[in-house]
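[1] Task: produce atomic coordinates for the following.
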Amino acid sequence: MEALLDTLLVGALVGLLARALLPGRKQLGWVMTLLLGVIGAFLATYLGLAMGWYHLEEATGWVAAVAGAALLLAWFSRSRGNR
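    So this is what the prediction gives:
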């Protein structure tokens, strides 16, 4: 249960950090930013666990959560910006 809450917190924080660091006009609202950060963190964390790349509470899982959240947020922001 603690790992689930940790991933949720990391996703939210990374979503906010990615929003601050991404250049250009922000098309996403705060709620969508947090949601995409959390989804990206969960996907990266649990995909890595399912593939056996790392175990819970390893630093690699944190790195994967951060990378997954930032990538999903950047992808979504860019795809919405092209409209």
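[2] Give me the nearest residue to residue 60, chain neighbours excluded.
    Once flanking residues are discounted, residue 60 sits nearest to residue 54: 4.0 Å by Cβ to Cβ, 6 or more residues apart in numbering. In short, each C-beta sits where N, CA and C put it, glycine included.
[3] check contacts around the one you found.
    Neighbour list for residue 54: 48, 60, 61, 64 [criterion: Cβ atoms under 8 Å, 6 or more residues apart in numbering].
[4] right, and out of these, which lies closest to residue 33?
    Lowest distance from residue 33 to the contacts of residue 54 (Cβ to Cβ) belongs to residue 64, with 19.6 Å.
[5] Secondary structure element holding that closest one?
    helix 59-81 (DSSP states H and E).
[6] helices and strands around that helix, which ones?
    helix 2-21, helix 30-51 (3 or more Cβ pairs under 8 Å, 6 or more residues apart in numbering; DSSP states H and E).
[7] hmm, back to that, filter the contacts of residue 54 down to the buried ones.
    48, 61, 64 (16 or more other Cβ atoms under 10 Å).
[8] residues touching the second one, list them.
    Think residue 61. Counted by Cβ under 8 Å, 6+ apart, residue 61 has contacts 45, 48, 49, 54, 55.
[9] next one: residue 12
    34, 37, 38.
[10] Now it: closest residue in space, sequence neighbours ignored.
    residue 34 is the one closest to residue 12 (Cβ to Cβ, 6+ apart), at 5.0 Å.
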